[in-house]
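**Student:** Here is my input; please provide its structure:
(one chain, ligands or ions: 1)
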Amino acid sequence: MPALGRAVAYSCDFSEGKSMKDDLRNAKYVIDIGPVPSLPVAGSELRFPVGRIYCVGRNYAEHAREMGHDPDREPPFFFMKPANSIVQDGSTIGYPAATKDVHHEIEMVVAIGKGGRNIPVAGALEHVWGYGVGLDMTRRDIQGEAKKMGRPWEMGKGFDESAPCSALKPASAVGHPAKGAIWVKVNGEVKQKGDLSQQIWNVQEQIAYLSNLVTLQPGDLIYTGTPAGVGPVKPGDKLEGHVDGVGELAITYRA
Ligand code: MN
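**Tutor:** Below you'll find the model as predicted:
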């Protein structure tokens, strides 16, 4: 069976035996699914290949409260978006399908450079390649319905073009930002504003928790949660995001 897909190539890394990844390096496929999803690296011709996108839920207390939850009682939890939901900085995108209530969630994004499982908090930052500014775009109406019915969030979160992200900057250049402003403007007006220091679970704790649930892989991204002030966007809106020391992100919804 020569036509194994990319997902199989990745999964082979979890076994202790000989990796099939090398065998598949030059594989020929029965259909073309385009290039590996990736993000630009600031100041470089090289790109960062995107494997999986994990997102942390309710990681800022004020946002947890605005969504009707008690931030003091919940361990971190995660959901996912497909890698090809990535949208590059500067893009103009369409208003998503099947929704009347798309919300912005501005988030710092962690790019994993070194994989691992059961990673201790103390060594977790060694697994970080760099950082970006992301938007966890959310079909809030579909997510709300899923919550009510006890169904998965994926169709509220993991839809087409749901994961805009800035060019990434390496930790070797920007360090590991643990405090500093994070905000998003819609049409020039600040809608969400917080500080990275308000995260309930910091980046190293997120990595440690997540790596107990799955084996982290190089290329994985973690969207680290959003501060309070989430709200709707409409066709024609321009979103500008910022994280101190990390960068800027601008995307526009087609009118
Ligand atoms: Mn989010």
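**Student:** for the residue of the stretch 151-255 of the chain found nearest the ion, what are its contacts?
**Tutor:** Among the residues of the stretch 151-255 of the chain, Thr226 lies closest to the ion, at 4.6 Å counting by Cβ to the ion. From N, CA and C alone the C-beta is placed, and that goes for glycine too. The contact partners of Thr226, by Cβ atoms under 8 Å, 6 or more residues apart in numbering, come to 59-60, 63, 105-107, 136, 192, 194.
**Student:** what residues are up against the residue of the stretch 101-250 of the chain found nearest the ion?
**Tutor:** Closest to the ion within the stretch 101-250 of the chain is Asp136: 3.5 Å, counting by Cβ to the ion. With contact taken as Cβ under 8 Å, 6+ apart, Asp136 is in contact with 55, 81, 105, 107, 157, 162-163, 223, 226.
**Student:** Please tell me how far it sits from Glu105.
**Tutor:** Look at Asp136 and Glu105: by Cβ to Cβ, to the nearest Å, they are 4 Å apart.
**Student:** thinking again about what came up before, where does the residue of the stretch 151-255 of the chain closest to the ion fall, helix, sheet strand or coil?
**Tutor:** Put simply, Thr226 is coil when judged by DSSP: H, G, I helix; E, B strand; the rest coil.
**Student:** could you measure it against Ala208, distance?
**Tutor:** Counting by Cβ to Cβ, the gap from Thr226 to Ala208 is 21 Å.
**Student:** Give me the neighbour count for Val186.
**Tutor:** A count of neighbours around Val186, defined by other Cβ atoms under 10 Å, yields 18.
**Student:** Renumber starting at 96 from here on
**Tutor:** Got it, first residue is 96 now, which makes that one Val281.
**Student:** which ones are touching it?
**Tutor:** 199, 326, 328, 332-334.
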